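In: with the sequence up front, the predicted model follows.
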Amino acid sequence: MRFFFLVSLGTLMALSLLAWKLEPRFAPTGKTPLVWVSDDNPQRKLQIATFNAQSKSSALRLDPNNSGMQKIIVQSLAGVGPDLFDTNAANLPVMVAADVAWDITDELKKRGIALEREVWPSTLPLIRCNGRFYGVPANACTNALFINKKLFDKAGLPYPSGPWTWEQFLPLAQKLTIRDARGKPQQFGFLMDWWTWPQFVIQWGGQVYSDDGTRCTLDSPEAIAGVQFLHDLIYKYKVMPSPVEEAAMATQGGWGAGSITQFGGNRAAMGFGGRWWLCTLRKKEQFPGLSLTVAEAPHHKERVFLAYGRTTAINKQSPRREQALEYLLHMTGPAFNQGINAQADALAAFPKYCEGERYLHNPEFPEEDKNDVWRDVMAAGKPNPPSPFISSQLADRIMGRQLDLVKNDQKPVADALKAAASEINAEIQKTLQRDPELKKRYDTLKNLSPAPLPGARPSLGKGSSS
Amino acid sequence: MKRRQLAIALPFILPNLLGFMLFTAGPVLFSLCIAFSNWNLMRSVPFAWTGLENFVTLWHDKDFWLYFANTLYFLIGMPFAIAGSLALALLLSQKIKGLVVYRTLLYLPSFTSGVALMILWKALYNPDFGPINYAIEALGLHAPQWLLSTQNIVGLGVEKVGFDAKQLGLGARDAIIIMGVWTAIGGSNMLLYLAALTNVPQDLTEAAELDGANRWQVFRNVTWPQLAPTTFFITVMSFIGGLQGGFEQARVMTGGGPAGTTTTLSYYIYTKAFEEFQIGYASAISWVLFSIIFVITVINWKFGNKEVAY
Amino acid sequence: MKKIFPHLLLIAIAATSLLPFLWMVLASFKPLAEVEKLNPLPTVWHPENYKKVFEQVPFARYYFNSVFVAAWVTFLTCLTSALAGFGFARLQWPGRDKVFQLYLGTMMIPGVVTMIPNYTLMVKLHLLDSYQGLIVPAAFSAFGTFLMRQFLLTIPPALEEAAELDGASPWQVFWDVILPLAKPGMVTLAIFTFMGNYGSFFWPLVLIKSEHLRTLPIGMLFFDSIYGRQTNLIMAASVMNIIPLVILFVTCQRFLVKGIQLGAVKG
């Protein structure tokens, strides 16, 4: 028995040695290794290669992490965090509050970079919090309509072009929705990622939160009307799949969510998505014969489009944060931004790179001849600011639960949104009780005139994605 | 003398005891303490002792009660799993040929349970291409939407704990319960029953049969009482396991949805602690959960069989 | 004749418990487009699905990590549990029964209670994102101690009394007399511990960030979400995930059945 234990111990020791040997060693000697937590989009590899090729002092490597913000925060606070991480408008305030995001306002000023003038205005919430800068936007996006040319041709319909309204859109979508005799859908007129629902709120003139962020305003008539229309697309006009129909269609693989691959699989004539859908849709081997073009998405009262994007920030707790800055500076330059546009990782966050022949007509993808549309809708982008007075995770959970009910047609839209708003507002009050700092800010805002100073609050856009 | 005894015993006990103190007993005490604080991983809120505040919040937390109801709902599968295990054990105990083969096959689901099987079931439950609904539709029945539906067999409301006729049907929770019963039925419980059945004295059953009792009567009056300690033990353990459960299913199969209907208390604790960073509050919930488990175990003990020896 | 009915019933039930596995194996050989079709057999077999799993994620690494971590945990648990079990079952010392009750009591506490403090402890000890962080906290099991104690109590004391008369020290008694007799109990504990850790989901999920430290359950989840739903590949990964368990079970089931019936608890 003693012998057996010793042998086991010996084997395990040998395995440990092996494990230690197998530990990946990164970065060639002489360069500072920088770890960047981002998603696993294949495009990251190219972005890293571009940077590593031109940097003399640093070597970037990816830590693909799909479990998000929580781990970055706890790991950073524990001293094992990454040097750079990706975040979005909803999460940035959390990162700032947790003391994980590094304030680079002064560093930018020193180098004469005025991001507030250089990036798409609607991406500012991605990088700015309480008037200070914490990152550089990696990309920017507003959705447009992908058009499946083949399905349009088959129905003998002309490809739409904007600007146009949802009322004009409906008959077209209905003509393109095909069901069999049993009522089982064969093809849908319209598809979208459900998480872009705030698009409808803002187009109908509503907002998820009040301007100062002190109150959830999903119970406003505008917000209700917007979500009602979204609901009607599924249950009244029946041009968009219900969750059940969607699950029935979902199996195809590929990077990204179901809608992209369903659209690519010819299951819908129009797909409401971002330019980053192309990262997947360009794969000819996965979507043989797919031929597409793009049109501006319809609008309602206001011709605005939900803006979102990804931002890269520096871990304040990292001992290599000065070196990490080099990457953020690289992100303001042409190599990076032209790369973003060429890879279709949405749109470069700097409008100056979304001009000219190089952007409008990528010789590698001659069929993508509507790049001007992406730029034009981006200019009409509007962020969807979350409230600084509630954890966005919690708010998402509350809204998610109510919207689940709307999506499944189990609760009237007005009831669901009113319930969500009142629950969120109650949570805001609870948060204020817990946090005297926030309470002070809240009271100041409440006592101010209804029109808040621009930039006096973190105004934020919502979104995950590319 | 005592000191000598301790000197001999200590080297045996100590390695385990130290680890136990550090990773079990210590954390238990620690979490009890922070349940009375506002500890938040976000540094925005200064740390403070808040007394019973977390527990008061909990009392008024609508979500807590919903998720508690979910947790209890998931116990519905328990009697089916136990009865199924017993039935299988009875079948197998009839000196049947190929016992080992059957036992192996039946135990397989329980042995391999885990993330891989949950992903598998997620595919099986797919409303359209999943084989389960295919079979149901082939029988000409109306197929449920399984993991996408908030419906349940007792009509538990979605947003408040109560009855809602619209919710009657089969949904996500039932899907998870069925999977649980499938996993558990041939597992350890069956083996326990099998062992207990071999210990039922043969002469007792034979005597009963000689007295003209039919099989059911033999089971009811002879076998079942003999199995009582085992049944009791299994019930207690199932309650403990069931009340703690649901995390992996929620994380892997449903994300806690639709509309929060598959969120159990243990998944709620996870979201509070690791997504919203309210560690103090999450600890309070876990202690409430522990208290519930404790109370139920004590009740089981009081009203259950007293012959069970540990 | 009388015996046919139970056989039929058992075969039906066994089939129910096997069908999902069968579906899984068959789906793992199908092309993606066919997974959603209901033909049970793939029209063309695609064994290369298995190769693709290794290409898309470092699956071999996940495999190694799962086995490596589970093996260490099993080794340490068996060692510490046997030692402590001996201390509780065979040695007299003041406060023994009190301490044992404490052990028993904690077995009722939900894992989530200790998870948060344990996580903070790992942060303090700088063991986040490391093998040690996966192994060490799992290596001291109250359940294991309980199981070993119960088992050692069933060994007749006459043997060790004889050894003691011959002048053997407690250590010699432990290693040379008790442990060889405790082998079935040990094997049971080893299997349970290995199995429990091999499938362990929660702890690695919160603890591990580096790709090269991911274990199978975490790796598979990652696979499910990021690369879309390539159901056929997920099924191939699942098959490979459970193969070691099936082998372990088939070879050790004799011990297991005894062990479960003895310890009367699932690990």
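Out: Cool, the structure landed.

In: pLDDT at whichever residue of the stretch 201-310 of chain B sits closest to chain A, what is it?
Out: Proximity of the stretch 201-310 of chain B to chain A (C-beta to the nearest C-beta) peaks at B:A259, 4.1 Å away. (Each C-beta comes from the backbone N, C-alpha and C, glycine too.) Residue-level confidence at B:A259 comes out at 83, pLDDT.

In: hang on, isn't it packed against A:R401?
Out: Yes - counting by C-beta atoms under 8 Å, B:A259 touches A:R401, with 4.9 Å between them.

In: so how many other residues sit close to the residue found closest to A:R215 once you drop the neighbours it is linked to in the chain?
Out: Nearest residue to A:R215, sequence neighbours excluded (C-beta to C-beta, 6 or more residues apart in numbering or on different chains): A:N425, at 6.0 Å. By other C-beta atoms under 10 Å in any protein chain shown, the residues close to A:N425 number 19.

In: do B:I279 as well
Out: 24.

In: that one contacts B:I285, correct?
Out: No - using C-beta under 8 Å, B:I279 is not in contact with B:I285, being 10.8 Å away.

In: which residues does the residue of the stretch 201-310 of chain B closest to chain A contact?
Out: Counting by C-beta atoms under 8 Å, 6 or more residues apart in numbering or on different chains, B:A259 touches A:401-402, A:404-405, A:408, A:410, B:150, B:158-159.

In: at 10 Å what do you get?
Out: A:400-408, A:410-411, A:416, B:66, B:149-150, B:158-159, B:172 (C-beta atoms under 10 Å, 6 or more residues apart in numbering or on different chains).

In: could you look up the SS state of the residue nearest to it when sequence neighbours are not counted?
Out: Nearest non-adjacent residue to B:A259, counting by C-beta to C-beta, 6+ apart: A:D404, 4.1 Å away. With DSSP: H, G, I helix; E, B strand; the rest coil as the basis, A:D404 sits in helix.

In: distance of A:D404 relative to chain C?
Out: 19 Å (C-beta to the nearest C-beta, to the nearest Å).

In: is chain C contacted by the strand or helix carrying A:E326?
Out: According to DSSP states H and E, A:E326 maps onto helix A:321-331. No - figure legend: helix A:321-331 not in contact with chain C (C-beta under 10 Å from any C-beta of the partner chain); closest approach 17.4 Å.

In: do the same with stretch A:272-280
Out: Yes - using C-beta under 10 Å from any C-beta, stretch A:272-280 reaches chain C at A:T280.

In: still on that earlier bit, and for B:I279 and B:I285, which residues touch both?
Out: B:35, B:272-273.

In: bridging residues for the residue nearest to A:I48 when sequence neighbours are not counted?
Out: Distances taken as C-beta to C-beta, 6+ apart place A:L60 nearest to A:I48, at 5.1 Å, with adjacent residues excluded. Assessed by DSSP bridges, A:L60 has beta-bridge partners A:L34.

In: give me every residue that touches A:L60.
Out: A:26-27, A:31-36, A:44, A:47-52, A:83-84, A:324, A:326-327, A:330.

In: what's the local residue count around the residue of chain B found nearest chain A?
Out: In chain B, no residue comes nearer to chain A than B:D128, which is 3.1 Å away by C-beta to the nearest C-beta. B:D128 is flanked by 19 other residues according to other C-beta under 10 Å.
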